[in-house]
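Trainee: Show me the folded form of this:
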Amino acid sequence: MNKIEKDTELYKLIEKEKIDVNSIHSMIATKELVEPYAKTSSYSEDGLVESFELTNKKFVMGIKWHLELLFNEKYVDRLFEKFINEC
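Mentor: Take a look at the predicted model:
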């Protein structure tokens, strides 16, 4: 389960506070390591960062789970559409 922070672009696109994700971690990031550089937008149940955003840029979002394997989820289309429109 992935917890999404409400005051983020990710929340605006997904419109949910919690979603199931398919994380396959070989590298981990904690909030303490990420937050000096970026805003944590979601994290796993064990507190690891699952996504982040740069709020001082037009559109920068890093996502650690595998969207390309979640085609049945409606929010995936919204994330890809946002990415394409911002590019």
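
Trainee: residues in contact with the closest residue to residue 38 other than its chain neighbours?
Mentor: Once flanking residues are discounted, residue 38 sits nearest to residue 52: 4.0 Å by Cβ to Cβ, 6 or more residues apart in numbering. The way it works is simple: take the backbone N, C-alpha and C, and place the C-beta from them, glycine included. When contacts are counted by Cβ atoms under 8 Å, 6 or more residues apart in numbering, residue 52 touches 34, 38, 39, 40, 41, 61, 62.

Trainee: Of all the residues in the helix or strand containing the last one, which ones are buried?
Mentor: The reference is to residue 62. Using DSSP states H and E, residue 62 falls within strand 61-63. Across strand 61-63, burial judged by 16 or more other Cβ atoms under 10 Å covers 61, 63.

Trainee: Offset the numbering so it begins at 26, please.
Mentor: In the new numbering, first residue 26, that becomes strand 86-88.

Trainee: So which residues of this protein form strands?
Mentor: Taking DSSP state E as the criterion, the chain carries its strands at 27-29, 43-44, 64-69, 74-78, 86-88.

Trainee: so which of those comes closest to residue 35?
Mentor: strand 64-69 (4.1 Å; Cβ to Cβ).

Trainee: Could you check the angle that closest one makes with strand 74-78?
Mentor: With axes from the mean of the first three to the mean of the last three Cα atoms, to 10 degrees as the basis, strand 64-69 and strand 74-78 are set at 160 degrees to each other.

Trainee: Adjacent strands (with direction) for strand 64-69?
Mentor: Partners of strand 64-69 in the sheet, by DSSP bridges, are strand 27-29 (antiparallel), strand 74-78 (antiparallel).

Trainee: Single out the most deeply packed of those.
Mentor: strand 74-78 (a mean of 22; mean count of other Cβ atoms under 10 Å).
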